[in-house]
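>>> heads up, no residue letters with this:
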């Protein structure tokens, strides 16, 4: 049994929690969403992870999910995102494990490699379908190789077909797709620009890292995740048949089990 997720009041930011009936892991989890998403994308995964014995937290960055956009939000950068994640980590205690999805994984990398100030005291980091070390070079390389790519302009407009192609399996029911799509929000332009300029420094990382890839990720492919794992000398786990939004994918249990094993190894 598991206590259902509830809202926890934090200044300005949405913070969801799910607590186990019996806690089996010392380190709490902080789940960080990627671009266009919010803490809402973690709700099914939170229930599962709490059932497995974790104390689980998920936050929404400014302007996402239930977190309001501050004045001048269009000027926000990835540095603002990193500061908010750092502040939330500081409230958790017990050396949390931080799990970052997609662009959230990139923010986690900036934090744990000391690019945006001293690395926070976390027990470990999980990079889930994460942005690669050099986002710009990754997309340039895919273009030069004429590798399959998502329709980025259509995705930025959050057109249903583009959202399905980029983030989900082809057979996702229309109603479920719309349920997720209507909660997605645009990113401030400086977030993308600042993400191109700042690069993680894996050699400076001092905490264990786990990399989890989705086999059919249309945005950041398995090859990119393999390179990330090699850079951090981390284990790579590939979820068979999964799409980019792995926390909302039928293959999520593969990722959850990997996170459990990772947390057990830290203990």
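Looks like it arrived, so ask away. Quick caveat: nothing in here was measured; it's all calculated off a predicted structure.
>>> State the phi and psi torsions of the nearest residue to residue 208 once chain neighbours are set aside.
Excluding the flanking residues, the one nearest residue 208 by Cβ to Cβ, 6 or more residues apart in numbering is residue 124, at 4.4 Å. C-beta here means a position set from N, CA and C on the backbone, and glycine is covered the same way. Dihedral angles of residue 124 (phi, psi; degrees, to the nearest 10) stand at phi -180, psi 170.
>>> how many neighbours does residue 124 have?
21 (other Cβ atoms under 10 Å).
>>> For residue 126, give me its contacts.
97-100, 209-212, 259, 262 (Cβ atoms under 8 Å, 6 or more residues apart in numbering).
>>> The residue nearest to residue 208 reaches residue 266, doesn't it?
Yes - the criterion here is Cβ atoms under 8 Å, and residue 124 meets it with residue 266 at 5.3 Å.
>>> Mind listing the shared neighbours of these two?
27, 97, 208.
>>> Which one of the contacts of residue 126 is nearest to residue 157?
residue 100 (25.3 Å; Cβ to Cβ).
>>> The closest one is in what secondary structure piece?
Taking DSSP states H and E as the criterion, residue 100 maps to strand 97-101.
>>> now for the helix or strand just after that strand, which elements pack on it?
The helix or strand immediately downstream of strand 97-101 is helix 103-112, counting by DSSP H and E. Applying 3 or more Cβ pairs under 8 Å, 6 or more residues apart in numbering; DSSP states H and E, one finds that helix 103-112 makes contact with strand 29-32, helix 78-90, strand 97-101, strand 124-128.
>>> Any idea which of the ones you listed gets closest to residue 53?
That would be strand 29-32 among these, by Cβ to Cβ, at 10.7 Å.
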